[in-house]
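> okay, sequence plus prediction incoming.
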Amino acid sequence: MKKGEAFYEGKAKILYSTDDPDLIIQHFKDDATAFNAQKRGTIREKGVMNNRISEVLFKYLEAEGVPTHFVQRLTDRDMVVRRLQIIPVEVIVRNLVAGSLAKRLGLEEGIPLSRPVLEHCYKNDALGDPMVNTFHILALKWASESELKEIEKLAFQTNELLRVFFDRRNLILVDFKLEFGRHRGKILLGDEICPDTCRIWEKGTLEKLDKDRFRRDLGKVEDAYQEVCRRVCSE
Ligand code: TMP
């Protein structure tokens, strides 16, 4: 498959068209940003690891019945995915209190939630991805009622599947962010699933093995990504 023009460059990825209008190539960079790109850096080999981790997780989810945009991994940093009409909503699922939820509600990180919590943010960098609710999404026609229902179902299903997957590898899935899009009338899970977009803690020690190491200057950032990659890619 040949890379065509780069039609979109984000903070961590570049998207290329291909000769098939239904397919695009998603290229993973080492660049990392936090706090809406106020903090910038690179994490050595992050692109390679996130490509691998996303491949394994998308394949697992597909096999378990979650429709995703994943087609195949092409190279170390490139994967072929279906072209989506992206729904401009970031869907966050939380199992434990952490990050912005801890801050917003004045709670300690690590408190287990008695059931998973789903949040929506408007995907808009200039505004810092503000939180919205389903009324905003419907009123602004970002998604229809049936699409929202489908997205919610897939997000919770993904959470249950990923929780089990990480648990088997001695890891706790604290929270994560998903993006969805439309492809030939169907809702597919898009974007990437990796330590940039998930909070992953070691069971027992609760050591952080995700992008919080970069956000919070905790050190050993590459090591954390390598460790998640090693465990995710092992049977
Ligand atoms: P938050 O606690 O900062 O709202 O983050 C919740 C989850 O979403 C966490 O696993 C990290 C992920 N996330 C992204 O993927 N992109 C973002 O821009 C932000 C702020 C969070």
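Here it is on my side, so go on.

> which parts of the protein are strands?
6-9, 13-17, 23-28, 31-34, 39-42, 70-73, 78-82, 85-96, 112-122, 131-132, 171-183, 186-189, 198-202 (DSSP state E).

> between the ones you listed, which one is nearest to residue 61?
Evaluated over these, closeness to residue 61 peaks at strand 186-189, with 6.8 Å, by C-beta to C-beta. In this view, the C-beta of every residue, glycine as well, is placed from N, C-alpha and C.

> CA atoms only for that closest one, dumped as PDB, please.
Coordinates of each C-alpha in strand 186-189 appear next as PDB, following Å, rounded to 0.1, in the frame of the first residue of the first chain:
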ATOM      1  CA  LYS A 186     -21.600   2.200  10.800                       C
ATOM      2  CA  ILE A 187     -20.100   3.500  14.000                       C
ATOM      3  CA  LEU A 188     -16.500   2.300  14.400                       C
ATOM      4  CA  LEU A 189     -14.000   2.700  17.200                       C
END
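
> tell me the buried residues in it?
Across strand 186-189, burial judged by 16 or more other C-beta atoms under 10 Å covers 187-189.

> what does stretch 168-176 give?
For stretch 168-176, a neighbour-count test (16+ other C-beta under 10 Å) marks 169, 171-176 as buried.

> one step back: pipe the strands of the chain into CSV and attach distance to residue 223 and mean pLDDT per row.
Formatted as CSV, the strands of the chain follow (distance: least, C-beta to C-beta, whole Å; pLDDT from 0 to 100):
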stretch, distance to residue 223, mean pLDDT
strand 6-9, 28, 98
strand 13-17, 23, 98
strand 23-28, 19, 98
strand 31-34, 15, 98
strand 39-42, 15, 98
strand 70-73, 23, 98
strand 78-82, 24, 98
strand 85-96, 22, 98
strand 112-122, 27, 98
strand 131-132, 32, 98
strand 171-183, 15, 98
strand 186-189, 28, 98
strand 198-202, 12, 99
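
> scan the protein for its longest helix.
In the chain, ranked by residue count with DSSP state H as the criterion, the top helix is helix 145-167.

> identify the residues contacting it?
57, 60-61, 64-67, 87, 89, 91, 93, 95, 116, 118, 134, 137-138, 143, 172-173, 176, 178, 180, 182, 187, 189, 193, 198, 200, 203, 232 (C-beta atoms under 8 Å, 6 or more residues apart in numbering).

> so which of these are also by the ligand?
176, 198 (C-beta under 6 Å from any ligand atom).

> report the contact partners of the closest residue to the ligand within the chain.
Of all residues in the chain, residue 99 sits closest to the ligand, at 2.2 Å by C-beta to the nearest ligand atom. Going by C-beta under 8 Å, 6+ apart, residue 99 touches 109, 175, 199, 212.

> spatially nearest residue to the third one (excluding sequence neighbours)?
It refers to residue 199. residue 174 (3.7 Å; C-beta to C-beta, 6 or more residues apart in numbering).

> and residue 201, what are its bridge partners?
Per DSSP bridges, the residues bridged to residue 201 are residue 172, residue 208.

> ok, now which ones touch it?
171-172, 174, 207-209.

> quick check: the farthest pair among these?
Using C-beta to C-beta, the two most remote members of these are 174 and 207, lying 11.9 Å apart.

> what does the pLDDT read for the residue of the chain closest to the ligand?
We have a pLDDT of 98 for residue 99.

> just to check, the residue nearest to residue 199 is in contact with residue 101?
No: using C-beta atoms under 8 Å, residue 174 is not in contact with residue 101; the gap is 10.1 Å.

> quick check: neighbours shared by the two?
Both residue 174 and residue 101 are in contact with residue 94, where contact means C-beta under 8 Å, 6+ apart.
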